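1. for reference, the sequence and a predicted model appear below.
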Amino acid sequence: DTQVDWSQVIDRVERVIDTIRGGDGDRNIREAGIDLRKGHARLLAPTEVAVEGDVLRGEAVILATGVRAFIPAIPGLREVGFITNVEAVTLPALPRSLAIIGGGTIAMEFAQIFARFGVEVTVLGGNPRLLPLEEPELVDILRELLVQEGVRIETGVTLECVSASGGRKRIAAHRDLEGVRFEVEADEILVAAGRTPLVEDLGLETAGVVFDATGIVTDAALRTSAPEIWAAGDCVAGTPRFTSLADHQGRVAAHNALGGMPARDAVETVVPTAVFTDPELGRVGLTEAAARQAGHAVRAETVPMRDLARAVITGETAGGVKLIADAATGRLLGGSVLAAGGGELL
């Protein structure tokens with residue numbers, strides 16, 4: 001029987017993050033000759049930024065504020081308390097039970113992580129489908145695998161309120177289709193209901209930067225409505241929120257903000273993505289539903305992994321491959337792989 005030491009796992013998570021960031025996150029930046037200031041920054045004008053009492057001036061400003069967890073307005077949730085994915089990997093001890101609000105990527109990944117550590121996990125998704133942007137056939141397989149691992153999954157539910165109950169947290173909910181009410185009790189609540197751009201209290205209005213609930217509005221070169229200000233990464237409206245894309249946009253924004261010639265566009269046509277469950281779900285391009293919605297005559301085929309010799313040889317037969325092609329030209333429009341190492345296979 002394998003014994004798991006949660007505190008050692010947490011230590012390793014912190015070490016890995018530190019290594020990826022280049023060790024001491026501050027020192028390597030300062031040694032590169034960069035004046036690093038930490039604090040809440042606000043735009044006073046298009047080329048003026050106030051931070052912790054100082055006013056900094058520059059010919060160009062790049063906004064890369066990212067996103068924060070979106071916290072749904074469920075009565076009692078803030079009072080009773082919750083964690084997000086950030087706190088989930090720094091918990092000093094494992095909860096015995098965990099309720100996860102949301103049915104997207106983070107919800108799926110963390111449901112499996114905690115279930116494998118022996119935590120009793122309940123997923124509460126508002127959408128009738130888990131991972132609604134992914135291929136339904138492959139999501140159904142993944143859902144069944146998670147259920148086999150002991151995860152309780154409820155989809156198409158409305159959460160009514162959250163209350164404290166003898167040291168535990170109680171969520172009252174109902175199923176949208178039949179209206180049946182039920183309650184979930186858990187030691188901890190993880191909110192994984194999507195993300196929202198960090199645009200509040202940055203002085204965007206003062207500097208004339210146009211933004212909305214989806215983020216900061218930019219052109220293809222990542223320039224905002226204020227000509228001296230650019231934006232990059234998850235805070236940009238309409239950008240798929242992936243690390244690789246934020247990295248790419250950061251390079252483009254820096255090139256353009258520093259007057260690089262010719263100016264570059266950040267247009268990305270095809271961005272691969274992955275849901276890091278086990279098996280992994282990798283996807284690129286359009287799903288079948290999205291391809292039909294875009295007006296394509298579609299040919300779609302799904303092959304279960306158990307029909308592939310390599311999967312049988314390695315014994316990793318869970319999952320499948322789905323490819324979407326234009327029926328007239330045969331051109332590939334998209335593909336998904338649910339398999340061990342599915343992100344790499346894709």
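-> Arrived safely. Numbers count the residues shown, from 1 in each chain.

2. contacts, neighbours, all on C-alpha from now
-> Noted.

3. got the contact list for the worst-scoring helix or strand of the chain on mean pLDDT?
-> Of all helical and strand segments in the chain, the minimum by mean pLDDT, DSSP states H and E falls on helix 27-31, at a mean of 83. With contact meaning C-alpha atoms under 8 Å, 6 or more residues apart in numbering, helix 27-31 is reached by 22, 36.

4. got it, and stretch 66-78?
-> 84, 159-163, 191-198, 233-235.

5. of these, buried ones?
-> 84, 159, 162-163, 191-194, 196-198, 233-235 (16 or more other C-alpha atoms under 10 Å).

6. in JSON lines, list these along with distance to Arg306, secondary structure and pLDDT.
-> Shown next, in JSON lines, are the buried ones among the contacts of stretch 66-78 (distance: C-alpha to C-alpha, whole Å; DSSP: H, G, I helix; E, B strand; the rest coil; pLDDT from 0 to 100):
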{"residue": "Thr84", "distance to Arg306": "36", "secondary structure": "coil", "pLDDT": "96"}
{"residue": "Leu159", "distance to Arg306": "38", "secondary structure": "strand", "pLDDT": "97"}
{"residue": "Val162", "distance to Arg306": "43", "secondary structure": "strand", "pLDDT": "97"}
{"residue": "Ser163", "distance to Arg306": "45", "secondary structure": "strand", "pLDDT": "97"}
{"residue": "Val191", "distance to Arg306": "35", "secondary structure": "strand", "pLDDT": "98"}
{"residue": "Ala192", "distance to Arg306": "32", "secondary structure": "coil", "pLDDT": "97"}
{"residue": "Ala193", "distance to Arg306": "33", "secondary structure": "coil", "pLDDT": "95"}
{"residue": "Gly194", "distance to Arg306": "33", "secondary structure": "coil", "pLDDT": "92"}
{"residue": "Thr196", "distance to Arg306": "39", "secondary structure": "strand", "pLDDT": "95"}
{"residue": "Pro197", "distance to Arg306": "41", "secondary structure": "strand", "pLDDT": "96"}
{"residue": "Leu198", "distance to Arg306": "44", "secondary structure": "coil", "pLDDT": "96"}
{"residue": "Gly233", "distance to Arg306": "39", "secondary structure": "helix", "pLDDT": "96"}
{"residue": "Asp234", "distance to Arg306": "37", "secondary structure": "helix", "pLDDT": "96"}
{"residue": "Cys235", "distance to Arg306": "41", "secondary structure": "helix", "pLDDT": "97"}
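
7. farthest-apart pair in the residues you listed, please.
-> Ser163 and Gly233 (36.4 Å; C-alpha to C-alpha).

8. please enumerate the helices of the protein.
-> Secondary structure of the chain, counting by DSSP state H: helices at 6-20, 27-31, 77-80, 85-88, 105-116, 136-148, 204-207, 243-257, 288-293, 309-314, 342-345.

9. so which elements touch the fifth one?
-> So that's helix 105-116. Applying 3 or more C-alpha pairs under 8 Å, 6 or more residues apart in numbering; DSSP states H and E, one finds that helix 105-116 contacts strand 97-101, strand 120-125.

10. counting by contacts, list what the last one packs against.
-> Under the contact criterion of 3+ C-alpha pairs under 8 Å, 6+ apart, strand 120-125 touches strand 97-101, helix 105-116, strand 152-155.

11. Thr90: which of the buried ones among the contacts of stretch 66-78 is nearest?
-> Closest to Thr90, out of all of the buried ones among the contacts of stretch 66-78 and judged by C-alpha to C-alpha, is Thr84, at 10.4 Å.

12. surely the closest one is in contact with Arg195?
-> No. Counting by C-alpha atoms under 8 Å, Thr84 stays clear of Arg195, with 10.5 Å between them.

13. spit out the contact partners of Ala274.
-> Contacts for Ala274 were tallied using C-alpha under 8 Å, 6+ apart; they are 280-283, 342-343.

14. what's the burial count for the nearest residue to Ala263 once chain neighbours are set aside?
-> Nearest residue to Ala263, sequence neighbours excluded (C-alpha to C-alpha, 6 or more residues apart in numbering): Asn256, at 5.5 Å. If you count neighbours by other C-alpha atoms under 10 Å, Asn256 ends up with 19.

15. OK, contacts around Asn256?
-> Applying C-alpha under 8 Å, 6+ apart, the residues contacting Asn256 are 221, 263-264.

16. which ChimeraX command selects the buried ones in the residues you listed?
-> The command below creates a ChimeraX selection of those among these that count as buried (16+ other C-alpha under 10 Å):
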select :221
